[in-house]
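In: Structure for the following, please:
(one chain, ligands or ions: 2)
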Amino acid sequence: MLTLGIETSCDETAVALVREGREVLADVVSTQIDIHRRWGGVVPELASRNHVMQLFPVMQEALSRAQVTLDAVDEIAVTSGPGLQGALLVGVQAAKSMALAKGRPLIGVNHLEGHLLAARLMAERPEPPFFGLVVSGGHTTLYEVAAFGQYRRLGTTRDDAAGEAYDKVARVLGLPYPGGVPIDQLAQNGDPKAHRFPRAMPAPDEVDWSFSGLKTAVLHHVQKHGAPQGQALADVCASFQEAVADSLTQKMINAVKRSSTKQVVMCGGVAANSRLRQLAQERCAENGLRLFLPSVKLCTDNGAMIAVAGYEAFRRGVTSPLSLDADPSWRLA
Ligand SMILES: Nc1ncnc2c1ncn2[C@@H]1O[C@H](COP(=O)(O)OP(=O)(O)OP(=O)(O)O)[C@@H](O)[C@H]1O
Ligand SMILES: [Mg+2]
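Out: Ligands and ions are numbered 1, 2, ... in the order given. Presented below is the predicted three-dimensional model:
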């Protein structure tokens with residue numbers, strides 16, 4: 001079974017070919033970051049127009065790297081939500097056209113299910129039941145995955161997503177968009193104990209996060225002391241990063257260790273963060289939990305994760321009609 005996975009929910013145009021839901025033959029990602037950076041965030045109209053231009057070249061590149069033609073594809077999976085409406089529609093319309101032309105099944109995939117199932121592409125992969133923390137540009141949510149297709153939301157952020165906090169703090173510090181990578185890099189040379197930024201722990205027993213207070217604390221620091229430079233900037237980045245990694249891992253582990261299920265997946269763009277990866281590994285080990293952490297490439301948006309989620313959906317009999325529409329606010333659970 002060869003699955004074509006298409007992802008256009010935000011600012012990455014991505015296409016992958018995955019065999020039997022685990023062997024990645026090609027995984028091509030074309031990022032639009034340079035187009036959006038000058039605006040300090042993703043401009044929906046520009047995102048859609050660039051998907052229109054990029055999608056078929058990216059697809060041709062994926063087919064060429066996999067050394068197959070479209071005729072070899074057995075099923076077509078596409079992100080149909082959540083995300084930017086116009087951006088999603090480009091991928092959905094292309095997928096529908098190919099499904100119709102080639103007479104192949106079409107599967108609309110939830111982008112967050114894609115992030116969670118990226119872990120299925122690891123050499124040692126999780127089998128349900130497991131927990132999954134999606135930490136990305138738009139989400140910070142812990143799910144319980146009873147089986148493929150059965151997701152229960154245990155907790156989420158009350159305000160900003162972790163990635164959103166990274167991007168907003170980067171802007172306050174005068175760093176480029178998106179802020180995750182520059183802050184992560186600067187933090188390598190900073191002291192995480194230089195500043196004790198707040199870890200909001202709303203209702204200690206609940207699995208909810210909050211990052212707006214942390215973002216405001218960095219803003220107040222800059223307003224009080226001026227924009228940090230050099231070592232001072234590295235220290236602010238490291239201290240901010242420590243606060244994010246601390247609150248994410250602490251709440252995740254508190255929730256998971258109460259259960260008899262001892263497996264947890266961490267995924268989404270922020271799961272590419274070096275300190276978060278390190279702290280999650282340490283704390284999961286200390287608490288007897290098995291952590292599945294996809295590679296950095298599989299944490300950020302890609303088509304392979306959409307192909308895997310589509311493959312698993314098809315195996316349990318789920319397909320989408322050719323009237324499939326984009327659903328910008330599709331909730332996974
Ligand atoms: N090394 C890193 N450290 C911290 N954050 C990072 C890192 N790399 C990327 N990010 C953040 O990850 C986010 C992008 O992740 P992703 O592509 O999954 O988000 P998205 O697809 O836009 O949102 P969602 O998946 O919620 O729809 C951005 O906010 C970016 O700053
Ligand atoms: Mg994403």
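
In: which phi and psi does the spatially most central residue of the chain have?
Out: Centroid-nearest residue in the chain: residue 268, 2.4 Å away (criterion: Cα atoms, centre = their mean). In terms of degrees, to the nearest 10, the main-chain angles of residue 268 are phi 100, psi 160.

In: How many residues are close by the residue nearest to it when sequence neighbours are not counted?
Out: Distances taken as Cβ to Cβ, 6 or more residues apart in numbering put residue 136 closest to residue 268, at 3.2 Å, once the chain neighbours are dropped. Just so you know, the C-beta spots here come from the backbone N, C-alpha and C atoms, and that holds for glycine as well. As a burial measure, residue 136 scores 25 neighbours (other Cβ atoms under 10 Å).

In: My read is that residue 136 contacts residue 270, right?
Out: Yes - between residue 136 and residue 270 there is a contact at 6.1 Å, judged by Cβ atoms under 8 Å.

In: Overlap of the contact sets of the two?
Out: Common neighbours of residue 136 and residue 270 (criterion: Cβ atoms under 8 Å, 6 or more residues apart in numbering): 162, 163.

In: I'd say residue 3 and residue 74 touch.
Out: Yes - look at residue 3 against residue 74 with Cβ under 8 Å: they come within range, at 6.8 Å.

In: do stretch 105-123 and ligand 2 meet?
Out: No - using Cβ under 5 Å from the ion, stretch 105-123 stays clear of ligand 2, coming no nearer than 5.8 Å.

In: Kindly report the residues of the stretch 101-250 of the chain close to ligand 2.
Out: Residues of the stretch 101-250 of the chain lying close to ligand 2 (Cβ under 5 Å from the ion) are residue 136.

In: which residue does the stretch 101-250 of the chain bring closest to ligand 2?
Out: When scored by Cβ to the ion, the stretch 101-250 of the chain has residue 136 as its residue closest to ligand 2, at 4.4 Å.

In: ok, now which ones touch that residue?
Out: Counted by Cβ under 8 Å, 6+ apart, residue 136 has contacts 115, 161, 162, 163, 268, 269, 270, 271.

In: Kindly recompute the last result at 7 Å.
Out: For residue 136, the contacting residues are 115, 161, 163, 268, 269, 270, by Cβ atoms under 7 Å, 6 or more residues apart in numbering.

In: measure it to residue 142 for me?
Out: Using Cβ to Cβ, to the nearest Å, we find residue 136 at a distance of 13 Å from residue 142.

In: what does residue 96 give?
Out: When residue 96 is compared with residue 142 (using Cβ to Cβ), they lie 33 Å apart.

In: Next: residue 240.
Out: 22 Å.

In: Between those two, point out the one with more neighbours.
Out: With neighbours defined as other Cβ under 10 Å, residue 240 and residue 142 compare such that residue 240 has more, 29 against 24.

In: Which residues are in contact with that one?
Out: 169, 183, 197, 214, 218.

In: In helices only, show me those residues.
Out: 169, 183, 214, 218 (DSSP state H).

In: So out of everything in the stretch 201-333 of the chain, what residue is nearest ligand 2?
Out: Proximity of the stretch 201-333 of the chain to ligand 2 (Cβ to the ion) peaks at residue 301, 4.4 Å away.

In: Quick check: residues of the stretch 101-250 of the chain near ligand 1?
Out: Along the stretch 101-250 of the chain, the residues adjacent to ligand 1 under the rule Cβ under 6 Å from any ligand atom are 111, 115, 136-139, 163, 166-167, 178-181, 184.

In: Of these, just say which sits nearest to residue 331.
Out: Distances from residue 331 to those, taken as Cβ to Cβ, are shortest for residue 139 (10.4 Å).

In: May I have the beta-bridge partners of the closest residue in space to residue 61 that isn't next to it in sequence?
Out: Spatial nearest neighbour of residue 61, excluding adjacent residues (Cβ to Cβ, 6+ apart): residue 28 at 4.9 Å. Taking DSSP bridges as the rule, residue 28 bridges to residue 15.

In: Strands of the stretch 151-300 of the chain, residue ranges please.
Out: With strands called from DSSP state E, counting those that start in this stretch, the stretch 151-300 of the chain shows them at 263-267, 290-292.

In: Averaged pLDDT, the longest helix along the chain. What do you get?
Out: For the chain, the helix with the greatest residue count under DSSP H is helix 230-257. Taken as a whole, helix 230-257 has an average pLDDT of 97.

In: again with stretch 154-170
Out: pLDDT averaged over stretch 154-170 gives 97.
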